[in-house]
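*Asks:* my questions concern the predicted model and sequence given below.
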Amino acid sequence: MNDELPVSVAYLDHAATTPIYPEVVDAMAAQLARLGNASSLHGSGRATRRIVEESREAIAAALGARPSEVVFTSGGTEADNLAAKGFFWSRRHVDPRRTRILTSAIEHHAMLDPLHWLATHEGAEVELLPVDADGILLIEALRTSIERDPESVALVSVMWANNEVGTLQPIDEVVALAGEHGIPVHTDAVQALGQVPVDFAGVNVDAMTVTGHKVGGPFGVGALLLRREADLVALLHGGGQERDVRSGTLDAPAIVGFALATELAVKSQPTRAVELAELRDRLISGVLDAVPDAQLNGLPDDARLPGNAHFTFPGCQGDSLLMLLDAQGIECSTGSACSAGVPQASHVLLAMSRDEATARASLRFSLGHTSTAHDIERLVEAIGPAVQRARAAGLGAGSATTSASPALFAGTSS
Amino acid sequence: MRVLAAMSGGVDSAVAAARAADVGHEVTGIHLALSRNPKSYRSGARGCCTIEDSNDARRAADVIGIPFYVWDMSDQFHTSVVEDFMSEYAEGRTPNPCLRCNEKIKFAAVLDRGVALGFDAVATGHYAQLRNGVDGLIEMHRAIDPGKDQSYVLGVLTQQQLAHSLFPLGSSTKTEVRAEAERRGLSVARKPDSHDICFISDGDTAGWLRERLDAGEGEIVDTSGEVLGTHEGTFGFTIGQRRGLRLGKPAPDGKPRYVLDIEPVSGTVTVGAREELAVDHIIGIKPRWCGSEPFEELACTVQLRAHGEEHRAIARVSGDDVQIELIEPASGIAPGQAAVVYDGTRVVGSATIASARRRTLA
């Protein structure tokens, strides 16, 4: 094992981040060399401003939004935080009864943690709505929760597609329910973009999170698409950029890259989805052939992202499997990456009524624009022996170490 | 060999991993997450379970150029080390959790998992030396740096555990290891040594125990039974302890008094003069032998606490126990600590001290 990557890596972790498009790198490099703050009034400023606005228009066009509805952020986490806190504060300011936030139990931590913070520090009542065993929001639970007291709901936030098990959420129904009571809806579409059609106006949400590095773009840039009439309390105060909702000098090179990647991803989405779904189905059947007792989590076919396959391998520790595959250059994930590197049981799988051992026995494989049939073949070849090994490790077998063997103590001395 | 390097985030384990890689092993770094409680990750800058330490270990692995993972051993650690630590104190004994961790976690749970995953050995930053013995067995010897020698806390390892262990630092001094870390560009080179119990981040063992165990209040008495004071819990005391007794009344002879005995059921702590601490007969239980013992009778030296001195002794195996007769009496021998038996620099094995007493005076 050597930390330099093997000659070729089978990268099956596109849900964590995607390889950047080469043309995006070129466009960003060109913009990095150009002078100008988009807020400056002189020629250099105007030139940068023009680039930023063209990028904004490109993103708006690709996502079915108006250019003024694109609020650039530092990425998905900031956009989710802005939606959660911004809506909560502005809505409660208008009517102090609005303290409830309704969301699914399987949201990304970028949404769950700000909501938890609001509950702890700002008196928000956060309701984590249940999902079924396939990881799909129980829409009746949302209906019951809203109808109990619609006047007290500040925000409903439900992700478009889950980042771990890939299940698509019933966003249309969520919007219809909340709309009956005039409650704003936010959706985190970070995983959906580029994999399934995403149309901001079409789905009729009030705010939507997207980010660059999940669609072949750069890290550190994303956007909250925000309806023109939506009123948000800002989290970052300063120069008044981005409708005064998000101050800070605009990162023109990142925005250029984000816009180009979004355009490329959206344009190729229809054909890519077909290709990825075919690869994914080969991956699923190959893994299930190699490990017959593995369980696919989430629904097959159209109810999940075309690039997502998520399994439980009974008797294995997910991180043992990850390590064994990593050593062969096959890269996947046990769930969403954690900064401390401490494997926690996935809250998504726990919400899907799996027990902790099952949750820890799971791996996600996610495909994207660079995935090939060869990647799948390598995984299918490696997964059987890896599972066997990981199972032995999980059972504490393979040990010749813990107890003293009498055979060693035959001799006496002194 | 394929080697798992256990990396705490400190300088020793980082250099140990680097040396294992240098000699051609395929090394993978792992950091053991020993607590799942986010609070214990965030409090305390030292200790082996902080995020800072995990990051330091990861950064060292980057510099060395080896893969790195965090292994969650928190369940096993809690059961085998933390609960054992608490129940030992509750029984009036003084456990050594580092030794227990080596016995049950690093060279057992981690090693077993590693072997099952295809690794051959675990490398750690302990200061001890392994040598091939004449009988084909692996011998463990004291490190050459007497100030850093950690063979005492490894004295519980069996031959099979030793056969899957690497201690790359045993032939170096701490000074050399720090200098080498500096040379290798490891940012942990100047990180202070950790001395405390890793799961008690503020170092206040008595306070930590007080939060978790029944107070066990009781009386402090002298050997005649006279009550000299009260205390808030027996686990605040260790045999041989002198400080913190807070006795209202000085000894008749004006000399300092020491803890002689702890009785957890009644909560009675007996104190007396230093001379009364002296013992020369120790009964050890649950022996673990590093090599081809047991012997019948062995002229040896024994070490009775971490960083303690060596005592010349005769050790005899009798049934499941080990009887240790010290040539010269020793003071402050606490039940629960390990008696590690040495033949010269070689570790013969260890036993847990069950009781210690003075032989009938001639």
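*Replies:* In hand now; what should we look at? Residues are numbered from 1 along each chain as shown, chains lettered A, B, ... in the order given.

*Asks:* low-confidence regions, the chain specifically.
*Replies:* I'll assume chain A. By pLDDT under 70, the weakly predicted segments of chain A are A:1-7, A:336-343, A:395-414.

*Asks:* my bad, chain B
*Replies:* Looking at chain B by pLDDT under 70, you get B:36-50, B:215, B:293-294, B:360-362.

*Asks:* quick check: domain ranges of it?
*Replies:* Chain B resolves into domains spanning B:2-190, B:214-276, B:278-357 when parsed by automatic domain parsing.

*Asks:* in JSON lines: those domains, plus distance to A:Gly394.
*Replies:* Where you see a C-beta, it was placed from the backbone N, CA and C, and this is true even at glycine. Formatted as JSON lines, these follow (distance: least, Cβ to Cβ, whole Å):
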{"stretch": "domain B:2-190", "distance to A:Gly394": "8"}
{"stretch": "domain B:214-276", "distance to A:Gly394": "36"}
{"stretch": "domain B:278-357", "distance to A:Gly394": "26"}
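
*Asks:* ranges for the helices of chain A?
*Replies:* A:22-32, A:43-63, A:76-94, A:109-122, A:139-148, A:171-179, A:200-203, A:252-290, A:318-327, A:347-351, A:356-360, A:373-395 (DSSP state H).

*Asks:* in contact with B:Ile262, which residues?
*Replies:* Residues near B:Ile262 by Cβ atoms under 8 Å, 6 or more residues apart in numbering or on different chains: B:Gly92, B:Thr234, B:Phe237, B:Ile239, B:Thr268, B:Val269, B:Thr270.

*Asks:* check which helix or strand covers it.
*Replies:* Using DSSP states H and E, B:Ile262 falls within strand B:258-263.

*Asks:* just to revisit the earlier point, and chain B, which of the helices of chain A is closest to it?
*Replies:* Shortest distance between chain B and the helices of chain A, using Cβ to the nearest Cβ, is found for helix A:373-395: 3.5 Å.

*Asks:* nearest residue to the residue minimising distance to the centre of chain A other than its sequence neighbours?
*Replies:* In chain A, the centroid-proximal residue (Cα atoms, centre = their mean) is A:Asn163; its distance is 4.2 Å. Sequence neighbours aside, A:Gln191 is the residue nearest to A:Asn163 in space, at 4.9 Å (criterion: Cβ to Cβ, 6 or more residues apart in numbering or on different chains).

*Asks:* what residues are up against the one you found?
*Replies:* Contacts of A:Gln191 (Cβ under 8 Å, 6+ apart): A:Ala15, A:Met159, A:Trp160, A:Ala161, A:Asn162, A:Asn163, A:Gly166, A:Lys214, A:Leu305, A:Asn308.

*Asks:* state the distance from the first one to A:Gly76.
*Replies:* When distances are taken as Cβ to Cβ, to the nearest Å, A:Ala15 and A:Gly76 turn out to be 12 Å apart.

*Asks:* mutual contacts of those two, please.
*Replies:* With Cβ under 8 Å, 6+ apart as the test, A:Ala15 and A:Gly76 both reach A:Lys214.

*Asks:* ok, the two, which is more surrounded?
*Replies:* Per other Cβ atoms under 10 Å in any protein chain shown, whichever of A:Ala15 and A:Gly76 has more neighbours is A:Ala15, with 29 against 26.

*Asks:* give the contact list for the more buried one.
*Replies:* A:Asn163, A:Glu164, A:Gly166, A:Gln191, A:Lys214, A:Gly307, A:Asn308, A:Ser333, A:Arg364, A:Ser366.

*Asks:* let's see it at 6 Å
*Replies:* A:Asn163, A:Ser366 (Cβ atoms under 6 Å, 6 or more residues apart in numbering or on different chains).

*Asks:* and what of B:Asp261?
*Replies:* Counted by Cβ under 6 Å, 6+ apart, B:Asp261 has contacts B:Thr270.

*Asks:* that older thread, mind putting the contacts of B:Ile262 into CSV with distance to A:Glu278, neighbour count and secondary structure?
*Replies:* Formatted as CSV, the contacts of B:Ile262 follow (distance: Cβ to Cβ, whole Å; neighbours: other Cβ atoms under 10 Å in any protein chain shown; DSSP: H, G, I helix; E, B strand; the rest coil):
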residue, distance to A:Glu278, neighbour count, secondary structure
B:Gly92, 68, 23, coil
B:Thr234, 69, 25, helix
B:Phe237, 71, 22, coil
B:Ile239, 72, 25, coil
B:Thr268, 77, 18, strand
B:Val269, 75, 27, strand
B:Thr270, 79, 21, strand
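
*Asks:* for those, name the two members farthest from one another.
*Replies:* Comparing every pair within those by Cβ to Cβ identifies B:Ile239 and B:Thr268 as the most remote, at 13.5 Å.

*Asks:* how many neighbours does B:Asp75 have?
*Replies:* Considering only other Cβ under 10 Å, B:Asp75 is surrounded by 11 other residues.

*Asks:* is it correct that it falls within a strand?
*Replies:* No. Going by DSSP: H, G, I helix; E, B strand; the rest coil, the assignment for B:Asp75 is helix, not a strand.

*Asks:* which residue packs closest to residue 308, ignoring adjacent ones?
*Replies:* No chain was given, so I picked chain A. Per Cβ to Cβ, 6+ apart, closest to A:Asn308 is A:Gly166, 2.7 Å.

*Asks:* look at chain B instead
*Replies:* B:Tyr152 (7.7 Å).

*Asks:* care to break chain A down by domain?
*Replies:* A:10-18+A:269-395, A:22-264.

*Asks:* so how far is A:Leu115 from A:Ser104?
*Replies:* Distance from A:Ser104 to A:Leu115, by Cβ to Cβ: 11 Å.

*Asks:* before we move on, what about A:Thr372?
*Replies:* 39 Å.

*Asks:* which one's more surrounded, those two?
*Replies:* For the pair A:Thr372 and A:Leu115, the greater number of neighbours falls to A:Leu115 (24 against 14), based on other Cβ under 10 Å.

*Asks:* surely that one touches A:Val126?
*Replies:* Yes. Taking Cβ atoms under 6 Å as the definition, A:Leu115 is a contact partner of A:Val126 at 4.6 Å.

*Asks:* between the two, what contacts are shared?
*Replies:* A:Ile101.
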